[in-house]
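1. Prediction below, plus the sequence it came from.
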Protein chains: 2
Amino acid sequence: MLESTTAAVQDYLKGLFLLAEDSTSPRAVTTNGIAQHLAVSPASATSMLKKLDAMGLVVHVPYRGVELTDAGRKIALEVLRHHRLLETYLAEALGVSWDKVHAEAEVLEHVLSEELEEAIAARLGHPTADPHGHPIPPKDLTTPPPPDRTLWDAPAGQRLTVDRVSDSDPEALRYLGAVGIRPGARAEVRGRGPVAGPLFLRIESDGAFGEEHAISKELAEAVWVL
Amino acid sequence: MLESTTAAVQDYLKGLFLLAEDSTSPRAVTTNGIAQHLAVSPASATSMLKKLDAMGLVVHVPYRGVELTDAGRKIALEVLRHHRLLETYLAEALGVSWDKVHAEAEVLEHVLSEELEEAIAARLGHPTADPHGHPIPPKDLTTPPPPDRTLWDAPAGQRLTVDRVSDSDPEALRYLGAVGIRPGARAEVRGRGPVAGPLFLRIESDGAFGEEHAISKELAEAVWVL
DNA sequence: AAACAAATTTAGGTGCGCCTAAACTCTTCC
DNA sequence: GGAAGAGTTTAGGCGCACCTAAATTTGTTT
């Protein structure tokens, strides 16, 4: 399935899936959106969207928006499966730190053969989530559950469980790891500063909630909770 | 170092190194030779050689031949190091059979980061040869020893040790594996058939030489011995 | 020495994915 | 309802690595 597509096509499909996934608004997946996500010009995105439409992988209505077809979503999920399996493998088998696995997986995902994918999955015991808490699409490529809400959207005073953290910013990941914000961690939102100010929270460690941390809105939006 | 080159450039440099390595004649590395090796047209090879010359990675004298510069050889050795480390890793850590590791490594070698290379080498205990017996260029990229002679060139009646086997033909590798021709194996050449006919040999197994095998010239030339 | 065959290079062209600049469309706001 | 501005698309081009067909060079052969 993947063999008939280029790395660029795979990146667009994966990007479109991810953009659609963590934005509920209907008009979320725009030409500009995918262009920014992939760091290409809007003009480049337009021509690729036209091409993907011709290939039957997306439905692109000029000036209106894009949507993945079932065929396009399957490919996106396969790339995502590769990416997340690789992240998990690099972290577990090769000891690569969780802030670096994303960049490595980003290039490896496009050249991973079916056979190697299988070998890696088997070696890991067919994991269902990567080190950042993102679900690994299963072999049959059924759509995994979307994230719930971000830490920023959680009301003050509430106890919650960290579900996923964004994998793309190494600096953010190093900080999150240092303060103990990782999938499965329990946290309590204490409050927020004024004017999109920092969010104050405490993180549970060894059964007790530790000292208070102040994190920016941007960072709080890179953490999803349950 | 590798990051500033494309996969195509890396493939040409690696190919030029390998062609020069296993042919003693001075005029061995020709436009046609590298074109065939890479399965591209001679015209394509010419334009790439011109480009590599301009980049200072080879010296190309039109109509006369090509030779790697020191800079070009370093890159070739780095690609080769990636390739052979990956082959070894895939075989040892992931259980990929020795006839399949080459094809996987062929694409992975171009996207392996320095850091991952290091992690893999460490995990394997810094191996010096891959599963087919080919030397893995060390981190400092000094040139490893070239192969000695092929099984085809060995005189009849002589006891010898298998040093390396060609990694590129899966069918050949499956056969060689089945009859026990692998690096370190001891063998005795019994004779040859007429007109480039098959080579007859016996392979040592559990301390005793087994039954006689007849192998083609092509296959005998894909095995190097000491 | 000329002619020929083989090897090599040049000429001209393709698809992919990217770019900038210019034109267009949609929406909103007066 | 028309104009402005944001968003999007079209037009035209570029670099990479490949191709075929047509020159050119080399080395050999007569």
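-> Cool, got the structure.
2. List phi and psi for residue A:38.
-> Backbone torsions of residue A:38, given as degrees, to the nearest 10, read phi -100, psi 0.
3. Contact partners for the closest residue to it other than its chain neighbours?
-> Residue nearest to residue A:38 in three dimensions, not counting chain neighbours: residue A:15, with 5.5 Å by Cβ to Cβ, 6 or more residues apart in numbering or on different chains. The way it works is simple: take the backbone N, C-alpha and C, and place the C-beta from them, glycine included. Residues near residue A:15 by Cβ atoms under 8 Å, 6 or more residues apart in numbering or on different chains: A:34, A:37-38.
4. distance of residue A:15 from chain B?
-> 19 Å (Cβ to the nearest Cβ, to the nearest Å).
5. Close to DNA strand C: what parts of chain A are there?
-> By Cβ under 7 Å from any atom of the strand, the residues of chain A that approach DNA strand C are A:6-9, A:11, A:38-41, A:43-44, A:47-48, A:51, A:63-64.
6. Narrow the residues you listed to those in helices?
-> Mapping these onto helices (DSSP state H) picks out A:7-9, A:11, A:38, A:43-44, A:47-48, A:51.
7. What ranges does chain A have for its helices?
-> Applying DSSP H to chain A gives helices spanning A:7-21, A:31-38, A:42-54, A:70-94, A:101-108, A:114-123, A:170-179, A:217-220.
8. I'd like to check the angle between the worst-scoring helix or strand of chain A on mean pLDDT and helix A:170-179, please.
-> Between all helices and strands in chain A, the lowest mean by mean pLDDT, DSSP states H and E belongs to strand A:208-215, at a mean of 82. Interaxial angle, strand A:208-215 versus helix A:170-179 (axes from the mean of the first three to the mean of the last three Cα atoms, to 10 degrees): 150 degrees.
9. Listing partners with orientation, what would you give for strand A:208-215?
-> Counting by DSSP bridges, the strands paired with strand A:208-215 are strand A:199-205 (antiparallel).
10. Extract the C-alpha set from the partner strand and format it as CSV.
-> The C-alpha atoms that make up strand A:199-205 are tabulated as CSV, following Å, rounded to 0.1, in the frame of the first residue of the first chain:
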residue,chain,number,x,y,z
LEU,A,199,-1.2,27.4,34.2
PHE,A,200,-0.3,26.3,37.7
LEU,A,201,-0.4,22.6,38.6
ARG,A,202,1.1,19.9,40.8
ILE,A,203,2.1,16.5,39.7
GLU,A,204,1.8,13.3,41.7
SER,A,205,5.0,11.5,42.4
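11. Find the residue closest to the most centrally placed residue in chain A in space, skipping its chain neighbours.
-> What sits nearest the mean C-alpha location of chain A, by Cα atoms, centre = their mean, is residue A:166, with 5.7 Å. Leaving aside its sequence neighbours, residue A:166 sits nearest to residue A:222 (Cβ to Cβ, 6+ apart; 3.8 Å).
12. which ones are touching that neighbour?
-> A:150, A:165-166, A:169, A:172, A:176 are the contacts of residue A:222 under Cβ under 8 Å, 6+ apart.
13. ChimeraX command for the buried members of those residues?
-> ChimeraX command restricting these to the buried ones, with burial defined by 16 or more other Cβ atoms under 10 Å in any protein chain shown:
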select /A:150,165,166,169,172,176
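14. now, the most widely separated pair of the contacts of residue A:222?
-> Farthest apart among the contacts of residue A:222 by Cβ to Cβ are A:150 and A:169. That separation is 14.3 Å.
15. how many other residues sit next to residue A:204?
-> Residues contacting residue A:204 under the criterion other Cβ atoms under 10 Å in any protein chain shown number 16.
16. what is it paired to in the beta sheet?
-> When bridges are called by DSSP bridges, residue A:204 pairs up with residue A:209.
17. Thought residue A:187 was touching it, still the case?
-> Yes - counting by Cβ atoms under 8 Å, residue A:204 does reach residue A:187; the two are 6.8 Å apart.
18. Mind listing what's buried along stretch A:151-169?
-> A:151-152, A:154, A:160, A:162-167, A:169.
19. buried subset of the ones in helices among the residues of chain A next to DNA strand C?
-> A:9, A:11, A:38, A:48.
20. wait, which of the residues you listed is closest to chain B?
-> Distance ranking of those against chain B, using Cβ to the nearest Cβ, places residue A:11 first at 14.0 Å.
21. Hmm, residue A:38 and the closest one touching each other?
-> Yes - applying Cβ under 8 Å, one finds residue A:11 in contact with residue A:38, separated by 6.0 Å.
22. Tell me, what's the model's pLDDT at residue A:25?
-> pLDDT, residue A:25: 62.
23. which bits of chain A sit near chain B?
-> Residues of chain A lying close to chain B by Cβ under 8 Å from any Cβ of the partner chain are A:90, A:93-96, A:100, A:103-104, A:107-108, A:111, A:113, A:115-116, A:119-120, A:123.
24. Give the ChimeraX command for selecting the buried subset of those residues.
-> Buried residues within the residues of chain A next to chain B, by 16+ other Cβ under 10 Å, are selected in ChimeraX with:
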select /A:90,93,94,96,100,104,108,111,113,116,119,120
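25. With mean pLDDT and distance to residue B:214 added, can I get the helices of chain A in CSV?
-> Listed next are the helices of chain A as CSV, based on pLDDT from 0 to 100; distance: least, Cβ to Cβ, whole Å:
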stretch, mean pLDDT, distance to residue B:214
helix A:7-21, 96, 46
helix A:31-38, 96, 57
helix A:42-54, 97, 54
helix A:70-94, 97, 43
helix A:101-108, 96, 43
helix A:114-123, 97, 32
helix A:170-179, 88, 58
helix A:217-220, 87, 69
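26. Pipe the ones you listed into CSV and attach distance to residue B:144 per row.
-> Formatted as CSV, those follow (distance: least, Cβ to Cβ, whole Å):
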stretch, distance to residue B:144
helix A:7-21, 32
helix A:31-38, 41
helix A:42-54, 43
helix A:70-94, 25
helix A:101-108, 27
helix A:114-123, 27
helix A:170-179, 35
helix A:217-220, 48
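27. how about a markdown table for those, with distance to DNA strand D added?
-> As requested, those are exported to a markdown table (distance: least, Cβ to the nearest atom of the strand, whole Å):
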| stretch | distance to DNA strand D |
| --- | --- |
| helix A:7-21 | 11 |
| helix A:31-38 | 3 |
| helix A:42-54 | 3 |
| helix A:70-94 | 16 |
| helix A:101-108 | 16 |
| helix A:114-123 | 24 |
| helix A:170-179 | 25 |
| helix A:217-220 | 19 |
